[in-house]
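> how does the following fold in three dimensions:
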Amino acid sequence: MVFETLLPLSKGYLPSWLFFISTLSVFNSVQTYFSMDLSKKVYSNSKDITPLSVRTFGTWTFITSIVRLYGSWYTTTQPVYDLCLWSFIVASGHFNLEWLVYKNCKFDKGLMGPFIVSTVSIIWMISQRDFYLN
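Have a look, this model is predicted:
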């Protein structure tokens, strides 16, 4: 089947997690071109949310979803693994800065999803690095 060739083939659960997160991110990216609702929930303290900023964020999210999709397929390739890991580190840094420094986010349900996904993914990828790259 065609669909089976799209799924990650590496062993373990990390590739499936990365595939799932990537797919979810694509849908999140698409919705930013039609609605500002989800972005307003994440950046709930900001008064500066504009349609342009939401679409820019959606484009950035789409780019990271592509990196993570490749990460799900090529978990045994070090440069791809590292880029995928860095995509979560950068996202985590962004959301933590917006929450702790710039105060555009509240630690509530809007920020909880990105926070949990980035934190779990970073810890998982660091702890499983040797498993996938050796």
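> can you give me the helices in the protein?
2-6, 14-31, 37-42, 51-73, 78-96, 109-127, 129-133 (DSSP state H).
> need these in TSV with mean pLDDT, can you?
Below are the helices of the chain laid out as TSV (pLDDT from 0 to 100):
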stretch	mean pLDDT
helix 2-6	59
helix 14-31	96
helix 37-42	95
helix 51-73	97
helix 78-96	98
helix 109-127	97
helix 129-133	97
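> now render the ones you listed as a markdown table, adding distance to residue 102 and mean neighbour count.
The way it works is simple: take the backbone N, C-alpha and C, and place the C-beta from them, glycine included. What follows is the helices of the chain, written out as a markdown table (distance: least, C-beta to C-beta, whole Å; neighbours: other C-beta atoms under 10 Å):
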| stretch | distance to residue 102 | mean neighbour count |
| --- | --- | --- |
| helix 2-6 | 38 | 7 |
| helix 14-31 | 21 | 18 |
| helix 37-42 | 13 | 17 |
| helix 51-73 | 13 | 18 |
| helix 78-96 | 10 | 17 |
| helix 109-127 | 13 | 16 |
| helix 129-133 | 31 | 13 |
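> can you list those helices in JSON lines and add distance to residue 103?
Converted to JSON lines, the helices of the chain look like this (distance: least, C-beta to C-beta, whole Å):
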{"stretch": "helix 2-6", "distance to residue 103": "41"}
{"stretch": "helix 14-31", "distance to residue 103": "23"}
{"stretch": "helix 37-42", "distance to residue 103": "13"}
{"stretch": "helix 51-73", "distance to residue 103": "16"}
{"stretch": "helix 78-96", "distance to residue 103": "12"}
{"stretch": "helix 109-127", "distance to residue 103": "12"}
{"stretch": "helix 129-133", "distance to residue 103": "34"}
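> pull out the CA atoms of stretch 21-32 and give them to me as PDB.
The C-alpha trace of stretch 21-32 is given here as PDB (Å, rounded to 0.1, in the frame of the first residue of the first chain):
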ATOM      1  CA  ILE A  21       3.700  15.400  15.900                       C
ATOM      2  CA  SER A  22       4.700  16.400  12.400                       C
ATOM      3  CA  THR A  23       1.300  15.500  11.000                       C
ATOM      4  CA  LEU A  24      -0.500  17.400  13.800                       C
ATOM      5  CA  SER A  25       1.700  20.400  13.100                       C
ATOM      6  CA  VAL A  26       0.800  20.500   9.400                       C
ATOM      7  CA  PHE A  27      -2.900  20.800  10.400                       C
ATOM      8  CA  ASN A  28      -2.000  23.500  13.000                       C
ATOM      9  CA  SER A  29      -0.100  25.400  10.300                       C
ATOM     10  CA  VAL A  30      -3.000  25.200   7.800                       C
ATOM     11  CA  GLN A  31      -5.500  26.500  10.400                       C
ATOM     12  CA  THR A  32      -3.300  29.700  10.900                       C
END
